[in-house]
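Chemist: Fold the following for me, if possible:
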Amino acid sequence: MRKSDNKVENLIRDVLTDVCEDTLKGYDGFLWVTHTVKYSSFPQSLKIVCVFETNQDRANFLVGEGQQHVSTAIQKAFNRVGVQLKNVGKKIIYETQQNRECGLQGK
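Modeler: I've put the predicted structure just below:
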């Protein structure tokens with residue numbers, strides 16, 4: 001990993017850690033946030049994954065205002081560090097630990 005890639009990774013991790021801590025307080029069943037990125041095309045390549053414990057936890061989150069809240073929190077957090085994300089809602093995937101254990105990621 002190049003030094004510049006490390007810098008980007010640390011930035012992403014710091015931003016998403018703050019968002020995760022805030023989200024953990026507000027939504028039942030929310031577990032963590034992770035991401036994938038192709039460093040050479042950051043921020044366009046960034047994909048953020050919010051993981052919930054169960055399918056029901058995710059469903060409850062999605063029917064409420066949680067999705068908008070998390071999208072806005074991610075957008076604002078990246079803006080604070082000078083990174084502009086376009087179409088942030090399309091960069092976020094909502095998965096469950098339940099599906100990950102069954103091998104159904106992204107379903």
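Chemist: where does this structure dip in pLDDT?
Modeler: For the chain, applying pLDDT under 70 flags the ranges 103-107.
Chemist: Quick check on the residue positioned nearest the centre of it: phi, psi?
Modeler: Compute the mean C-alpha point of the chain, and by CA atoms, centre = their mean the closest residue is I48, 3.5 Å away. Main-chain dihedrals, I48, degrees, to the nearest 10: phi -110, psi 130.
Chemist: before we move on, what about L46?
Modeler: As for L46, its main-chain torsions (degrees, to the nearest 10) stand at phi -60, psi 130.
Chemist: Check the gap between the residue lying closest to it once chain neighbours are set aside and Y27 for me.
Modeler: For L46, ignoring the flanking residues on the chain, the nearest one in space by CB to CB, 6 or more residues apart in numbering is V37 at 4.9 Å. Where you see a C-beta, it was placed from the backbone N, CA and C, and this is true even at glycine. Distance, V37 to Y27, by CB to CB, to the nearest Å: 24 Å.
Chemist: same question, K86
Modeler: For K86, the distance to Y27 - CB to CB - is 25 Å.
Chemist: now do Y39
Modeler: Counting by CB to CB, the gap from Y39 to Y27 is 30 Å.
Chemist: Those two: who's more crowded?
Modeler: Y27 (19 against 16; other CB atoms under 10 Å).
Chemist: Surely that one touches G66?
Modeler: Yes - counting by CB atoms under 8 Å, Y27 touches G66, with 5.5 Å between them.
Chemist: nearest spatial neighbour of T23, skipping sequence neighbours?
Modeler: Leaving aside its chain neighbours, T23 sits nearest to F30 (5.3 Å; criterion: CB to CB, 6+ apart).
Chemist: Kindly report the same for C20.
Modeler: Here the residue nearest C20, using CB to CB, 6+ apart, is V33, at 4.3 Å.
Chemist: Check the burial of the one you found by counting its neighbours.
Modeler: For V33, the number of neighbouring residues by other CB under 10 Å comes to 22.
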